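heads up, no residue letters with this:
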């Protein structure tokens, strides 16, 4: 039986046409898929710009389903979950990224950093600490160390905080001498609560050596010296501090009154207070002077100081204090008026954080609200 070559000649065009059709079908499908993924992505981006996070998340999920290998979409989705407070879903997204074997080193570090942020926002500090420690020797090292520092400060682990601060300072990532001095002061406070005065004094001396310009270590050392019966040395310390950091002296104005009584050097303390008050009037310095006048049985000068202060500053606190010793024509109304003035003046005697506005009756070196250091001015709310 002879083979007819004409069939081959007829079949070649048919095969060519079928192959061409098949290729065109594949190209259309690929183009459709490629158009679909960017469309979902840009739709999600549009929702995000319009602050429609729910719809943005749905669009990004659709885009991820169409192209599960795109890491950028996963990062965008994880960040959206975190911003919405859905920390569990954010953790799952970033852990999925870390489990991928084809992820580049840079993206792996980025995913590790994002996972640490998820744990931080969720308040899982132990897991956040572990995730942050894995970022050593990466591009996120400085940010991770700052986050670790915040964790240790929040948990009051001053030893770990000091270790991180020293590493950052040695790496040229900032000057942390002020914070290191604060950590030593916090350690000293803990030692004092356990009655270990000698060890506390050692910590304060280290703090002064670490940050010679910081007022807190010298203030607290003066307080400890007075507590240990060395009031004369405490006075010398505060006179030195008045030259170095005069704005901090109102914080120990009442301590100076106690030192004057303990040492008998009332005139010396009064001179120090008056000199500082003339440079910068302060309610605490004023009240310390009034207390010293009362200590010396000199009521007249003390009341005159209040009036002089009112000439300089319109102070409700000083006015209420002056009125307390005044005799009114309608004396029966005096207690009610005095209570009203004291009630109105009480909020004005608080301290206010300059960073977050948190108010407190006592001065803080470390704000309980925003965790900032040295954010409380040594002035009352009325004086700000």
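That came through, no problem. All values derive from a computational prediction rather than experimental measurement.

State the helix or strand in which residue 185 lies.
Assessed by DSSP states H and E, residue 185 sits inside helix 177-193.

Tell me which residues are up against that helix.
149, 156, 158-159, 161-162, 165-166, 169, 197, 199-201, 203-204, 206-208, 210-211, 214, 216-217, 220, 224, 365-366, 373-374 (Cβ atoms under 8 Å, 6 or more residues apart in numbering). C-betas here are computed from N, CA, C, even on glycine.

cool, stretch 144-156 as well?
With Cβ under 8 Å, 6+ apart, stretch 144-156 has contacts from 113, 116, 120, 125, 128-129, 132-133, 135-136, 138, 158, 160-161, 164-165, 167-168, 173, 179, 186, 366, 371.

again, 7 Å this time
116, 120, 125, 128-129, 132, 135, 160-161, 164-165, 167-168, 371 (Cβ atoms under 7 Å, 6 or more residues apart in numbering).

same question, stretch 200-219
Taking Cβ under 7 Å, 6+ apart as the rule, stretch 200-219 contacts 177-178, 180-182, 184-185, 187-188, 191-192, 220-221, 224, 237, 241, 245, 248, 251-252, 365.

try stretch 275-287
Under Cβ under 7 Å, 6+ apart, the answer for stretch 275-287 is 242, 246-247, 249-250, 253, 273, 289, 305, 309, 312-313, 315, 317-318, 379-380, 382-383.

Filter those residues down to just the ones in helices.
Counting by DSSP state H, the part of the contacts of stretch 275-287 found in helices is 242, 253, 273, 289, 305, 309, 312, 317, 318.

between the residues you listed, which is nearest residue 88?
residue 317 (50.6 Å; Cβ to Cβ).

tally of neighbours for residue 134?
16 (other Cβ atoms under 10 Å).

What residues does it make contact with?
residue 112.

how far away is it from residue 107?
15 Å (Cβ to Cβ, to the nearest Å).

cool, and residue 151?
Relative to residue 107, and taking Cβ to Cβ, residue 151 is found at 25 Å.

Also residue 320?
Residue 320 is 64 Å from residue 107, by Cβ to Cβ.

Same drill for these two, tell me which one is more crowded.
Neighbour totals were compared for residue 320 and residue 107, and residue 320 leads with 21 against 17 (other Cβ under 10 Å).

Pop out the phi and psi values for residue 351.
With angles defined as degrees, to the nearest 10, residue 351 sits at phi -100, psi 150.

What residues are bridge-paired with it?
For residue 351, the beta-bridge partners under DSSP bridges are residue 360.

I figured it was touching residue 360, is that so?
Yes - counting by Cβ atoms under 7 Å, residue 351 does reach residue 360; the two are 5.6 Å apart.

got any ranges where this structure has weak pLDDT?
1-71, 296-303, 325-334, 337 (pLDDT under 70).

now with 80?
1-78, 80-81, 84, 93, 96-97, 99-103, 293-345, 347, 382, 384 (pLDDT under 80).

circling back: for the helix holding residue 185, buried residues please.
177-188, 191-192 (16 or more other Cβ atoms under 10 Å).

next one: stretch 201-215
For stretch 201-215, using 16+ other Cβ under 10 Å, the buried residues are 201, 203, 204, 206, 207, 208, 210, 211, 214, 215.

Dump these into a markdown table; add secondary structure and distance to residue 263 as well.
Rendered in a markdown table, the data for the buried residues of stretch 201-215 read as follows (DSSP: H, G, I helix; E, B strand; the rest coil; distance: Cβ to Cβ, whole Å):
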| residue | secondary structure | distance to residue 263 |
| --- | --- | --- |
| 201 | helix | 19 |
| 203 | helix | 25 |
| 204 | helix | 21 |
| 206 | helix | 27 |
| 207 | helix | 25 |
| 208 | helix | 22 |
| 210 | helix | 29 |
| 211 | coil | 28 |
| 214 | coil | 26 |
| 215 | helix | 22 |
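
Quick check: of those residues, which lies closest to residue 338?
residue 215 (35.3 Å).

State the distance from the closest one to residue 270.
Counting by Cβ to Cβ, the gap from residue 215 to residue 270 is 22 Å.

And residue 364, by the same measure?
29 Å.

Residue 128 now?
53 Å.

So between the two, which is more surrounded?
residue 128 (23 against 20).

How much space separates that one from residue 151?
In terms of Cβ to Cβ, residue 128 sits 7 Å off from residue 151.

do residue 120 as well
Counting by Cβ to Cβ, the gap from residue 120 to residue 151 is 8 Å.

overlap in contacts of these two?
Looking at what touches both residue 120 and residue 151 (by Cβ under 7 Å, 6+ apart), the common residues are residue 128.

Would you mind measuring from the residue lying closest to residue 348 once chain neighbours are set aside to residue 273?
In space, and not counting its chain neighbours, residue 348 is closest to residue 382: 3.8 Å by Cβ to Cβ, 6 or more residues apart in numbering. The spacing between residue 382 and residue 273, counted by Cβ to Cβ, is 19 Å.

Repeat that for residue 367.
28 Å.

Kindly report the same for residue 230.
21 Å.

Show me which of those two is the more surrounded one.
Using other Cβ under 10 Å, the more surrounded residue of residue 230 and residue 273 is residue 273, with 26 against 15.

wait, that one sits on residue 288?
Yes - using Cβ under 7 Å, residue 273 is in contact with residue 288, at 5.4 Å.

shared neighbours of those two, which are they?
253, 256.

which residue ranges form the helices in the stretch 51-200 of the chain?
Using DSSP state H, counting those that start in this stretch, the helices assigned to the stretch 51-200 of the chain run over residues 53-66, 71-83, 87-99, 105-122, 125-133, 141-154, 158-170, 177-193, 197-210.

Brilliant, that's me finished.
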